[in-house]
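In: no FASTA, just this:
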Ligand code: SAM
C-alpha cells in the first residue's frame, strides 16, 4: 500500500515535470486521505527552499542508500516542521539517523538569516511570494447547524470567542496567532476565523459535516451571487463542490442546484462531500458545461449561475513556486488556453434564458484570466453589466477597463486569503439598457441582500423574451431536423 510520503513524493515529481496542479494530482493519486496529503504537499512546498538548503548542507543524500530528493523533502518537512515522522518505511531509519544533523543545520540557517521563527526563515529565503500563514477559515454549514450552536460548542471545547473582527488589520494579526481562540469574519456572515495551526480534521463538528474548511476568498462567489431561497442555480464547473454546498445552504436546500464537472473522480469526491454536508437539492452531471443545452426545459428557470472554471491556480500558495519555474512562451500558451476556455464558459452561461446573475471567479492572479475575460464578456454581451460588489472590500479589479473597480481581487498580503478574483454580472433590465454606461456600476451589492427576491417586472419581460428565443430556436432546430429527415428519406429513395 502506498504511504503518505510515497504519494507526496510522487506528486512532487509530477509537479517538477509540470504534469498538473497540486489539487488535481492529489485527487488523481488514489490516496485515501486527500486532505492529509494535500496539507503535507502545501506545507512542503511552502518550506521548499529551506528544506533544500538543510538537505544540501547535511549528509542526507550522500550515504550508500541514496534517498530520492522528493521523498527526502517530504520526510524532512514532517521531521522538522510537521507532526514528526508518522511512517516512512525503510527510509525512516535513514532520516532518523540524521535527525541531530538536520536540526543543527536548521538552527545554523536561522542564525545565518538572523531570524528566530520558522515562518520568518521561510520569508527571508524568498518565501515572500508564499506570504504569511493564513488564518484557518471555517464555514459554518447552516444546512446542519447554526452559527450560535457552533460558537457555543467551541466555547465548551475551551476556545475563547473574540466576537466579530473589526478590521482587516485584526485578521492580518490573527494570521500570526496561535492558541484556542476564534473570531467571526468581517465580511462573510457564516465564517469563523481561527489561528493558522488549528487543525479540524479530527473535530467531531467537521466529521459530522457541520463545518466546511473553505478559504475565505473561495466563499465570496456564492456569497455574492446570493440566490434567493428556492432558486434554480447552476454551478458550471463544480467539483470538488465546496461552492455547490454553499449555494445549497444559501437556497436552504430548496429549488435546485445543477452542478456539472468533466472530471469523474472529482465528481465522486464531490458526491461524498455533499452527502456529508446534508445537501439534497443538487443534480450532479458528469458533463462538459459547454455542451449543456440552455433550451432544455429543466433549465428554463435557472436565474443564477456560478462559473468557477479551471484556471492557472496562481493565487494558491502551493502553485506559486511551480508557476515561477514556468517561463515565457510556455506560460503564455497555457494562460491563453485557459482564458479561452474561461471566455467560452461565460459565453455559454449567458445563453440560459432566465439567467439574471452570473458570478465569475478564479484563484488566479493573472489579468489575462480575470479582468481581460470580464472585459471581453461585457463587450460581447452588452445585455450584461457588472455589479459593484462589496464596496467595503479593499482590493478591486485592475484598472484595465472602465468599471473594472466593480470586480474584487484577494491576496495574502491585502485580504489575508488566497489570491482570488470575482466579478458579478447582472442582466440589464430593458429600462437601464439604453442609459447606463459600462463605467457606472449597475448596483451596489453586499451579498445576502434581497436582490434576487425582488426581481423586477422588467426582468420577467426579459425572461419571457429569452424563453421565446429558445422556443424559436427549438422550432428552428426541429424544422431543421424535419428537413434532415426528409433529405435522408430522399437520399434513401
Ligand atoms: N467550484 C469548485 C469548488 O469550489 O469546489 C472548484 C472548481 S475547479 C476551479 C474547476 C473545475 O472545472 C475542475 O473540477 C474541472 O474538472 C472542471 N472543468 C473543467 N472544464 C470543464 C468543463 N468544460 N465543463 C465542466 N467542468 C469543467
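Out: Yes, it's here. Since the model is a prediction, treat every value here as computed from it, not as a measurement. Numbering: from 1, shown residues only.
In: Contacts for stretch 155-165 next, please.
Out: Stretch 155-165 has contacts (Cβ atoms under 8 Å, 6 or more residues apart in numbering) with 151, 154, 171, 174, 180, 181, 182, 183, 184, 185, 186, 193. (C-beta placed from N, C-alpha, C; glycine too.)
In: which residues touch whichever residue of the stretch 101-250 of the chain sits closest to the ligand?
Out: Residue nearest to the ligand within the stretch 101-250 of the chain (Cβ to the nearest ligand atom): residue 237, separated by 3.0 Å. Residues near residue 237 by Cβ under 8 Å, 6+ apart: 260, 261, 262, 289, 307, 308, 309, 310, 345.
In: can you check residue 137 too?
Out: 185, 191, 192, 193, 194, 213, 214, 215, 216, 219, 417.
In: Over to residue 286?
Out: Each residue near residue 286 by Cβ under 8 Å, 6+ apart is listed here: 260, 261, 262, 263, 264, 267.
In: ok, residue 179 - how many residues close by?
Out: The number of residues packed near residue 179 is 11, by other Cβ atoms under 10 Å.
In: Which of the three states applies to it?
Out: coil (DSSP: H, G, I helix; E, B strand; the rest coil).
In: check contacts around the residue nearest to it when sequence neighbours are not counted.
Out: Using Cβ to Cβ, 6 or more residues apart in numbering and skipping residues adjacent in sequence, the residue nearest residue 179 is residue 195, 6.3 Å away. For residue 195, the contact set (Cβ under 8 Å, 6+ apart) comprises 135, 136, 174, 175, 177, 178, 179, 181.
In: And residue 370, by the same measure?
Out: Contact analysis of residue 370 by Cβ under 8 Å, 6+ apart lists 362, 364, 397, 398, 407, 409, 421, 423.
In: Now, of those, which are buried?
Out: 362, 364, 397, 407, 409, 421, 423 (16 or more other Cβ atoms under 10 Å).
In: quick one: least confident of the residues you listed?
Out: On pLDDT alone, residue 364 ranks lowest of these, at 90.
In: wait, what's in contact with that residue?
Out: 311, 312, 313, 314, 315, 338, 370, 419, 421.
In: Tell me which of the residues you listed fall in helices.
Out: residue 338 (DSSP state H).
In: out of the contacts of residue 364, who's nearest residue 226?
Out: Comparing the contacts of residue 364 against residue 226 with Cβ to Cβ places residue 421 closest, at 18.1 Å.
In: thinking residue 73 is in contact with residue 12, fair?
Out: Yes. Between residue 73 and residue 12 there is a contact under Cβ atoms under 8 Å: 6.3 Å.
In: Just the buried ones from the contacts of residue 137?
Out: 185, 191, 192, 193, 194, 214, 215, 216, 219, 417.
In: Just the ones of those in strands?
Out: Among the buried ones among the contacts of residue 137, the members falling in strands (DSSP state E) are 191, 192, 193, 194.
In: if we can go back for a sec, distance of the residue of the stretch 101-250 of the chain closest to the ligand relative to residue 267?
Out: Per Cβ to Cβ, to the nearest Å, residue 237 is found 11 Å from residue 267.
In: what residues do those two have in common as contacts?
Out: residue 261.
In: How about the residue of the stretch 351-493 of the chain found nearest the ligand: what's its closest non-neighbour residue?
Out: Among the residues of the stretch 351-493 of the chain, residue 363 lies closest to the ligand, at 6.7 Å counting by Cβ to the nearest ligand atom. Using Cβ to Cβ, 6+ apart and skipping the chain neighbours, the partner closest in space to residue 363 is residue 315 (4.3 Å).
In: show me the contacts for that neighbour.
Out: 217, 362, 363, 364, 365, 410, 411, 418, 419, 420, 421.
In: May I have the phi/psi pair for the second one?
Out: Comment: the main-chain dihedrals of residue 362 come out as phi -140, psi 160, following degrees, to the nearest 10.
In: Please name the nearest non-neighbouring residue to it.
Out: Nearest non-adjacent residue to residue 362, counting by Cβ to Cβ, 6+ apart: residue 311, 4.0 Å away.
In: returning to that earlier point: overlap of the contact sets of residue 73 and residue 12?
Out: Common contact partners of residue 73 and residue 12 (Cβ under 8 Å, 6+ apart): residue 44.
In: Distance to residue 120 added to the contacts of residue 315, as JSON lines?
Out: JSON lines is the format used below for these (distance: Cβ to Cβ, whole Å):
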{"residue": "217", "distance to residue 120": "25"}
{"residue": "362", "distance to residue 120": "31"}
{"residue": "363", "distance to residue 120": "26"}
{"residue": "364", "distance to residue 120": "28"}
{"residue": "365", "distance to residue 120": "24"}
{"residue": "410", "distance to residue 120": "24"}
{"residue": "411", "distance to residue 120": "20"}
{"residue": "418", "distance to residue 120": "21"}
{"residue": "419", "distance to residue 120": "22"}
{"residue": "420", "distance to residue 120": "26"}
{"residue": "421", "distance to residue 120": "29"}
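In: out of the residues you listed, what pair is the most spread apart?
Out: Most distant of the contacts of residue 315, by Cβ to Cβ, are 362 and 411, 13.1 Å apart.
In: shared neighbours of those two, anything?
Out: Common neighbours of residue 362 and residue 411 (criterion: Cβ under 8 Å, 6+ apart): 315, 420.
In: Check the gap between residue 98 and residue 76 for me.
Out: From residue 98 over to residue 76 (counting by Cβ to Cβ), the distance is 9 Å.
In: Those two: which is more packed in?
Out: residue 76 (28 against 23).
In: Hmm, the more buried one is touching residue 57, no?
Out: No. When contacts are counted by Cβ under 8 Å, residue 76 is not listed as touching residue 57 (11.8 Å).
In: where in the stretch 51-200 of the chain is pLDDT low?
Out: For the stretch 51-200 of the chain, the stretches with pLDDT under 70 are 63-65, 87-89, 119, 123-132.
In: That one: helices as residue ranges?
Out: For the stretch 51-200 of the chain, applying DSSP state H, counting those that start in this stretch gives helices covering 69-80, 91-97, 99-113, 118-124, 147-156, 168-174.
In: returning to what we had before: pull up the overlap in contacts between residue 98 and residue 76.
Out: Here residue 98 and residue 76 share the contacting residues residue 60, scored by Cβ under 8 Å, 6+ apart.
In: Get me the contact residues on the stretch 301-450 of the chain for the ligand.
Out: Residues of the stretch 301-450 of the chain found near the ligand (Cβ under 6 Å from any ligand atom) are 308, 309, 310.
In: Could you find the closest non-adjacent residue to residue 352?
Out: Spatial nearest neighbour of residue 352, chain neighbours left out: residue 294 (4.5 Å); criterion: Cβ to Cβ, 6+ apart.
In: My guess is the one you found contacts residue 351. True?
Out: Yes. With contact defined as Cβ under 8 Å, residue 294 counts as touching residue 351 (4.3 Å).
In: who's more crowded, the two?
Out: Counted by other Cβ under 10 Å, residue 294 and residue 351 do not tie: residue 294 has more neighbours, with 20 against 17.
In: which stretch of helix or strand covers that one?
Out: Taking DSSP states H and E as the definition, one finds residue 294 inside no helix or strand.
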